[in-house]
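Undergrad: Sequence below, structure please.
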Amino acid sequence: MQIYLVGGAVRDQLLGRPVVDRDWVVVGATPEAMLAAGYRAVGKDFPVFLHGDSKEEYALARTERKTGRGYHGFAFHAEPSITLEQDLERRDLTINAIAQHDDGHLVDPYGGVADVEARVLRHVSAAFVEDPVRVLRVARFAARYAPLGFRVADETMALMRRMVDDGEVDHLVAERVWAETRKALAEPMPEVFVRVLRECGALRVLFPEVDALYGVPQRPEFHPEVDTGIHVEMVLHAAATLAPGDALVGYCALTHDLGKALTPADVLPRHIMHEQRGIQPVQALSARLKVPADFAFMAEMVCRHHLNAHQAFELKPATVLRLLESLGALRRPERLEAFLLACMADKRGRLGHENDDYPQAGFLRACRAAAAAVTSKPFVEAGLEGPAIGEAMKKAQAQAIAAVTKPTAGHPGPQP
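TA: Purely as a prediction, here's the structure:
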């Protein structure tokens, strides 16, 4: 029995990044031997075991064979005769196919170390095309390591295009698409995830609502970048800067302008009522990917209300109150924070506006605090009952919002 550290832990050590999870591969062992050594079996599809003390995963060296379409179309084979090199060959990228012996010696049969140094994401073997999830994984790794200068190898991009053309990507299940997307939206440069998927053609298959934004013009006086797809990339970048690792804000950034793809051609480059037009495609995307309820809700709220946030200083107090109530922000202030971060990212996701102030955020926070401070107690003590209490509270909340001090000069946000 020989045990090797493999995958991300070895890769991140070479990159000088913190190692979060450590995975191990065991060569020359049987499931019975692992159980006898005190490991606990946890794998359903192939032999994976947890160490009794560290709880880290130890997988028996294995090979795999394509048996059908999609992610589940594989048969796995694990026995003591499987070599380390065979196990590493089934992995997706060369930078993930490096093993380390307990003496520190690296086993690198596929050039992963050289690709780490060259900052290249390259597939290990032609078997890469057998698993469509790898298209998403490559795009996600590109989003993670883009700040370090990594790029997708030309030959790997060609394979990804082939997988799209062959229809393999069509067989991805929603849960896997969302799992990879959620991770990608929490990476340092989530816009690269979108860019890579678009380059290989997978964006139009998996995210047609987003793909449709490319080539749609906007008014250059408000959006110097003009192209709506480029704007969304810039908003994603701004979101990752403002809220690092926050996939919720990232999803709101990704979906906030989907309505602009539905603007009638004779209206362009204006996008009147794009917030309302965007609600249906946001709902459709969230339903198709089976995103969590809080993600679906906040994405719809940002799509519906982001222009209200930009124009907060011009809104009537009662309108501000309705906005806060729509978000459920009086009871859940964290919803307002996510909403404001996404709106701020929209403001900054424009060419030349990357460092714009967003005083609307401070104003809306103060409005929420003022409205939330209103309680039912004085109205109950005054003898009001039932619906009359609620009506009195709304009036008092609007008055409290009206008393919030606005900045001395307005700061208009993006316009339709």
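
Undergrad: which element is Trp24 on?
TA: For Trp24, the host element (DSSP states H and E) is strand 23-27.

Undergrad: Pull out the buried positions in stretch 80-98.
TA: Of all the residues in stretch 80-98, those buried under the rule 16 or more other Cβ atoms under 10 Å are 82, 84, 87-98. In short, each C-beta sits where N, CA and C put it, glycine included.

Undergrad: Counting only helices, which of those residues make the cut?
TA: With helices identified by DSSP state H, the entries of the buried residues of stretch 80-98 that belong to them are Leu84, Asp87, Leu88, Glu89.

Undergrad: who are the neighbours in contact with the first one?
TA: When you say that, I think you mean Leu84. Gln2, Tyr4, Val25, Val27, Ala61, Ala99, Val107 (Cβ atoms under 8 Å, 6 or more residues apart in numbering).

Undergrad: what pLDDT does it get?
TA: For Leu84, the model assigns a pLDDT of 92.

Undergrad: Just put the contacts of Leu84 in JSON lines and tack on pLDDT and distance to Asp266.
TA: Converted to JSON lines, those look like this (pLDDT from 0 to 100; distance: Cβ to Cβ, whole Å):
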{"residue": "Gln2", "pLDDT": "90", "distance to Asp266": "69"}
{"residue": "Tyr4", "pLDDT": "94", "distance to Asp266": "63"}
{"residue": "Val25", "pLDDT": "91", "distance to Asp266": "60"}
{"residue": "Val27", "pLDDT": "90", "distance to Asp266": "66"}
{"residue": "Ala61", "pLDDT": "85", "distance to Asp266": "62"}
{"residue": "Ala99", "pLDDT": "96", "distance to Asp266": "60"}
{"residue": "Val107", "pLDDT": "96", "distance to Asp266": "63"}
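
Undergrad: Buried subset of those as a ChimeraX selection?
TA: The buried residues among these can be selected in ChimeraX (16+ other Cβ under 10 Å) with this line:
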select :4,25,27,61,99,107
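
Undergrad: now the contacts of Leu84 as TSV including distance to Ala392?
TA: Converted to TSV, those look like this (distance: Cβ to Cβ, whole Å):
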residue	distance to Ala392
Gln2	75
Tyr4	70
Val25	67
Val27	74
Ala61	71
Ala99	70
Val107	73
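
Undergrad: of the contacts of Leu84, closest to Gly149?
TA: Of all the contacts of Leu84, Ala99 has the smallest distance to Gly149: 24.7 Å, by Cβ to Cβ.

Undergrad: Pretty sure Ile3 is one of the things the closest one touches, is it not?
TA: No. Using Cβ atoms under 8 Å as the test, Ala99 is too far from Ile3 to be in contact (9.8 Å).

Undergrad: about what we covered before: what's the most distant pair in the buried residues of stretch 80-98?
TA: Using Cβ to Cβ, the two most remote members of those are Ile82 and Ile95, lying 21.9 Å apart.

Undergrad: give the contact list for the closest residue to Val152 other than its chain neighbours.
TA: The shortest distance from Val152 to any residue other than its chain neighbours is 4.9 Å, reached at Leu121 (Cβ to Cβ, 6 or more residues apart in numbering). Taking Cβ under 8 Å, 6+ apart as the criterion, Leu121 is in contact with Leu93, Ile95, Asp115, Val138, Phe141, Ala142, Tyr145, Phe150, Arg151, Val152, Ala153, Thr156.
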